[in-house]
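In: Quick one: sequence and predicted model below, then my questions.
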Amino acid sequence: MSSDATFLTNRRQFLNRFGAGLGGAALAEMLASNAIAAPTAERGILGATHFAPKAKRIIYLFMSGAPSQLDLFDYKPLLNQRHGEQLPDSVRGGQRLTGMSGNQSSIPLVGSPFKFAKHGRAGTEFSELLPHTAGIADDLCVVRSMFTEAINHGPGVTFLQTGTQIAGRPSFGAWLSYGLGQENANLPSFVVLITKGKGGQPLGSHLWGSGFLPTKHQGVLLRAAKDAVLYLNNPAGVSEDSRRLLLDRLRELHEHQFAGTPDAEIQSRIDNYEMAFRMQFSIPDATDVSREPQHILDSYGSDVKTPGTFAANCLLARRLAERGVRFIQLYHQDWDHHGGLPGALPRLCKETDQPAAALVRDLKARGLLDDTLVVWGGEFGRTNYCQGKISANFGRDHHPRCFSVWLAGGGVKAGTSYGETCEFGYNIVRDGVSVHDLQTTLLHQLGIDHERLTYKFQGRRYRLTDVHGELVKGLVA
């Protein structure tokens, strides 16, 4: 080995050991203090919010597959009047169509088979398929002017959840965990619930992953099973004391590893093991609904006691919210109706309408709605024209130009609607809201300036909203 190589090697070792010595000492001191004191909630990288927050947490009800806004929230009587006529070129404006309807020789307009009525003090229109949601109209802000860049499900869902169409970036909940930290030391700051037994487009773990953020910020998936979290409980014959002893020895090994290789992921590994140990007690308590009053159970629907149903997940979301979980993500699949919409949409609304409304009412009754931001929506909208030939069992294709979401609580303007689409329900004519605008506004309600919540990775600083996003002041009370 040359003298230059020897110098570089020795220099590398010196810096490594010097840094490890300082980091190892700090880590050892912190772990020692944790071993003595009860665990405390962890502050995020921000330390404090950029300004006074209106909300402390988010419950995101994601309808994966893209529900038809034209049959639920955005009433367009002109489509019924011109049912079967061709979509005018002047309305389409040369917009690209998906491969599923782009080759159709005919693009016939199709009106909604469902009735609409006005509800609440502002007279907001809702479909007859959403009677319970219509009943909380005065608590909702319905945004009819959302638009997205994505035209297919995978990129579309990923865009809403991570701020980019390409998988691999940190998810919304991971950003909040990183920025704000934990409110409850015994529960993760980010929890994911998926309705069991649903089909449609698959949901990948990248949607609740931490990307390039430390892995302790990724979402924890609670399963509809006896063991809500895999490998959380002790194996048969292993006592709590034995598990504690095992974790203590494992921590010592990780400390030794950290001394030689000061890697932040080693600290994340220690944090994850410790969180799993505490979750052995906190998760069974959070998921036990046996002491819920009967009138609360009844409000969520008849299948609320069946684990993994949307009703059960909505009730669990409320229980997690009142225990301090920062971001609670619910997924409900099967909303992709290229065909069979008149039969499928009522079934899905029956599964979700009552529980979603009950969640808002329940939060409000407990004084939690003021600082809990509830979001309902999918990844894009559906077309005003029929996919294929018009029939009694018609379907609608993907439509990124406009779709609807609703917000409740967390300082948004209740009892209002925002934005407007054209009379054909094809283009936005007033107050468009991009995906990044929505993310910016949600972060703002949590007291975060979206441009200042960043993480440096591979030489550049990243954020949830990338280089986009504007606060939608019309949504904020």
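Out: Yep, it's here.
In: Quick one: neighbours of the closest residue to Leu222 other than its chain neighbours, just the number.
Out: Excluding the flanking residues, the one nearest Leu222 by Cβ to Cβ, 6 or more residues apart in numbering is Ala228, at 4.5 Å. C-betas here are computed from N, CA, C, even on glycine. Neighbourhood size, Ala228 [other Cβ atoms under 10 Å]: 21.
In: For Ala228, which residues are in contact?
Out: Residues counted as contacts of Ala228 (Cβ atoms under 8 Å, 6 or more residues apart in numbering) are Leu222, Ile283, Pro284, Thr287.
In: quick one: the second one and Val191, what's the gap?
Out: Using Cβ to Cβ, to the nearest Å, one gets 9 Å for the distance from Ile283 to Val191.
In: These two: who's more crowded?
Out: Val191 (27 against 23).
In: any residues touching the one helix or strand the more buried one maps to, and which ones?
Out: Taking DSSP states H and E as the criterion, Val191 maps to strand 190-194. Defining contact as Cβ under 8 Å, 6+ apart, one finds that strand 190-194 is touched by 171, 173-174, 176-177, 203, 208, 217-222, 308, 313, 316-317, 320, 325-331, 333.
In: Over to stretch 75-94?
Out: Outside of stretch 75-94, the residues that reach it under the criterion Cβ under 8 Å, 6+ apart are 70, 106-112, 116, 125, 127, 384-385, 390, 421-427.
In: Quick one, which of the residues you listed are buried?
Out: In those, burial by neighbour count holds for 70, 107-112, 116, 125, 127, 384-385, 421-422, 424-427, counting by 16 or more other Cβ atoms under 10 Å.
In: Show me those that map onto strands.
Out: Phe116, Glu125, Ser127, Asn384, Tyr385, Thr421 (DSSP state E).
In: Taking these, tell me the two that lie furthest apart.
Out: Checked with Cβ to Cβ, those reach their widest spread between Glu125 and Tyr385, with 21.2 Å between them.
In: Now do Gln105, the pLDDT please.
Out: Not Gln; residue 105 is Ser. We have a pLDDT of 87 for Ser105.
In: residues contacting it?
Out: Ser105 is in contact with no residue at all, counting by Cβ under 8 Å, 6+ apart.
In: In a helix, it, correct?
Out: No - per DSSP: H, G, I helix; E, B strand; the rest coil, Ser105 lies outside any helix segment and is coil.
In: Could you list the low-confidence segments of the stretch 1-150 of the chain?
Out: 1-38 (pLDDT under 70).
In: what ranges do the helices span in the protein?
Out: Along the chain, counting by DSSP state H, helices occupy 3-36, 77-81, 89-92, 131-134, 153-162, 172-180, 240-260, 264-287, 294-300, 310-322, 341-365, 435-445.
In: Dump the ones you listed to TSV, plus distance to Gly395.
Out: As requested, those are arranged in TSV below (distance: least, Cβ to Cβ, whole Å):
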stretch	distance to Gly395
helix 3-36	55
helix 77-81	15
helix 89-92	19
helix 131-134	23
helix 153-162	15
helix 172-180	30
helix 240-260	52
helix 264-287	37
helix 294-300	30
helix 310-322	22
helix 341-365	5
helix 435-445	24
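In: quick one: which of these has the weakest pLDDT on average?
Out: Among the helices of the chain, helix 3-36 carries the lowest mean pLDDT (a mean of 41).
In: how close does Thr465 get to Ser434?
Out: In terms of Cβ to Cβ, Thr465 sits 10 Å off from Ser434.
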